[in-house]
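Q: below is the structure, and that's it, no one-letter string:
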């Protein structure tokens with residue numbers, strides 16, 4: 001299988017235009033702009049999908065457990081970011 005790790009489109013995008021935090025939406029959690037879909041939800045969905053199996057297939061030195069640990073770490077960091085007050089512009 002041939003997987004592109006990060007597309008050029010993703011590299012060029014400005015994440016701040018796509019990710020937002022509003023105290024009136026999901027208690028200020030980081031969400032996809034214009035939605036009520038949180039970053040935490042996306043990470044949870046990744047953990048429960050075939051994404052991990054595909055990653056391990058492409059990179060056999062990465063174990064399923066290590067991949068899950070990395071996602072859990074990211075989710076924990078995102079949870080911590082969601083509990084801190086957002087910066088004022």
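A: Looks like it came in fine. Computed from a prediction, not measured in an experiment: that's the story for all the values here. Residues are numbered from 1 along each chain as shown.

Q: hey, where'd the helices end up in this structure?
A: Taking DSSP state H as the criterion, the chain carries its helices at 8-12, 39-47, 51-58, 64-83.

Q: what's the pLDDT at residue 69?
A: Residue 69 carries a pLDDT value of 84.

Q: and for it, the neighbour number?
A: By other C-beta atoms under 10 Å, 11 other residues sit near residue 69. Where C-beta positions appear, they are placed from N, C-alpha and C, glycine not excepted.

Q: who are the neighbours in contact with it?
A: Going by C-beta atoms under 8 Å, 6 or more residues apart in numbering, residue 69 touches no other residue.

Q: gap between it and residue 46?
A: 13 Å (C-beta to C-beta, to the nearest Å).

Q: same check on residue 54?
A: Distance from residue 54 to residue 46, by C-beta to C-beta: 11 Å.

Q: looking at those two, which one has more neighbours?
A: Ranked by neighbour count (other C-beta under 10 Å), residue 54 and residue 46 place residue 46 first, with 17 against 12.

Q: which residues does the more buried one contact?
A: Residue 46 makes contacts with 52, 71, as judged by C-beta under 8 Å, 6+ apart.

Q: again, 7 Å this time
A: When the contact criterion is C-beta atoms under 7 Å, 6 or more residues apart in numbering, the partners of residue 46 are residue 71.

Q: quick one: low-confidence residue ranges for this protein.
A: 1-16, 82-89 (pLDDT under 70).

Q: which one of the helices of the chain is the most hemmed in?
A: Of all the helices of the chain, helix 39-47 carries the top mean neighbour count, a mean of 16, counting by mean count of other C-beta atoms under 10 Å.
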